[in-house]
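**Q** Sequence first, predicted coordinates after that:
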Amino acid sequence: MTEIRHVSVAPTRSQWLASGAEIDAHRHDDHQIIYAARGVLTVTTSAGSWVTPGTRAIWVPAGTVHAHRAYGELELHLVGLPATSNPLGLDTPTVLSVAPLLRELIMAYTRGPVEQSPERDRLRDVLLDRLRASPQQPLHVPTPTDPLLRAVCALLQADPGGNRTLVDLGREVGASDRTLSRLFRRDLGMSYPQWRTQLRLHHALILLADRTPVTAVAHRCGWSSASAFIDVFRRTFGHTPGTHPAS
């Protein structure tokens, strides 16, 4: 992300993006809530990638340089909030759970007229109240800062379904499995299996958005069986991949 646009006001609007469409790296002076009612959206910053299926939204704090990419036909909803107002008290990008009521509030607010009115102010207040009550979700694939770990993670990103152990990866980058295990904990705040699962779920959401069959997704993302994949997916997202809203 070398060329960074500065868009001072974060827009509030809805729009459609074709699968594969990208919004290049930019930053706002405002906070922004990003929600994909259909399709899957990835939001990438220098700290890593966040993914938004239809049951999640992403909070992007003011000043955060970020880029977007659409997977599947994407119905995008954006809510801009002034930097002076941080109702969630969050200073890093965060994935939030979107219950049905919050979904309808976001869609109504972003599709409505942009002019302020008492009715629109009330709608915004209710929307923010529901956001405050939304659980935060661990759907982040963090980017390592350590050069050695960057090389390891690049290998994994190139083959999310691979079954390399830390010993295997260590041989490829010239490090012991103990060193790599320590780096995962220190640099990324999670174990190697935890980071790999996040990467695989991220990849699975993208494949589902392209209407890849569930069994094929399970295989391509490294699960031993479709049932094992469905179990992890259900525990993470609260529903099965067969009823995935983005598909």
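**A** Here it is on my side, so go on.

**Q** Where do the domain boundaries of the chain fall?
**A** Under the assignment automatic domain parsing, the domains of the chain span 5-137, 144-243.

**Q** hey, which helix or strand in the chain has the poorest pLDDT?
**A** Within the chain, no helix or strand scores below strand 136-137, which has a mean of 76 by mean pLDDT, DSSP states H and E.

**Q** So in that sheet, which strands flank it, and in what orientation?
**A** According to DSSP bridges, strand 136-137 has the following sheet partners: strand 94-97 (antiparallel).

**Q** can you give me how far the partner strand is from the chain middle?
**A** Chain-centre distance of strand 94-97: 8 Å, with CA atoms, centre = their mean, to the nearest Å.

**Q** do stretch 216-226 as well
**A** 21 Å.

**Q** Show me which residues of that stretch are buried.
**A** Buried residues in stretch 216-226, counting neighbours by 16 or more other CB atoms under 10 Å, are found at 217-223, 226. Where you see a C-beta, it was placed from the backbone N, CA and C, and this is true even at glycine.

**Q** which residues of this protein score low on pLDDT?
**A** The chain contains residues with pLDDT under 70 at 1-3, 138, 243-247.

**Q** Walking through this structure, point out its helices one by one.
**A** Counting by DSSP state H, the chain has these helices, from start to end: 100-111, 118-132, 147-158, 166-173, 177-183, 192-209, 214-220, 226-237.

**Q** Figure out which of those helices is closest to residue 32.
**A** Of all those, helix 100-111 sits nearest to residue 32, with 11.3 Å by CB to CB.

**Q** got a list of contacts for the closest one?
**A** 12-14, 33, 35, 37, 54, 57, 77-79, 98, 120, 123-124, 126-127, 130-131, 134 (CB atoms under 8 Å, 6 or more residues apart in numbering).

**Q** PyMOL command for the buried members of these?
**A** Per 16+ other CB under 10 Å, the buried members of these correspond to this PyMOL selection:
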select buried, resi 12+14+33+35+37+54+57+77+78+79+98+120+124+127+130+131+134
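
**Q** Please tell me how far residue 41 sits from residue 212.
**A** As judged by CB to CB, to the nearest Å, residue 41 and residue 212 stand 17 Å apart.

**Q** who's more crowded, those two?
**A** residue 41 (29 against 18; other CB atoms under 10 Å).

**Q** Now the more buried one: closest residue in space, sequence neighbours ignored.
**A** Nearest in space to residue 41, with sequence neighbours left out and distances taken as CB to CB, 6 or more residues apart in numbering, is residue 52 at 4.7 Å.

**Q** isn't that neighbour right up against residue 94?
**A** No: judged on CB atoms under 8 Å, residue 52 makes no contact with residue 94 at a distance of 11.3 Å.

**Q** how about residue 51, what does it touch?
**A** Residue 51 neighbours (CB under 8 Å, 6+ apart): 40-43, 95, 139, 141, 201-202, 205-206.

**Q** what do you get for residue 158?
**A** So residue 158 contacts nothing (CB under 8 Å, 6+ apart).

**Q** Can you report how many residues neighbour residue 187?
**A** By other CB under 10 Å, neighbour count at residue 187 equals 18.

**Q** any idea how far residue 180 is from it?
**A** Using CB to CB, residue 187 is found at 10 Å from residue 180.

**Q** Ok, residue 36 next?
**A** Taking CB to CB, one finds residue 36 at 34 Å from residue 180.

**Q** Settle it for me: which of these two has more neighbours?
**A** Neighbours of residue 36 and residue 180, each counted by other CB under 10 Å, are more numerous for residue 36; the result is 29 against 21.
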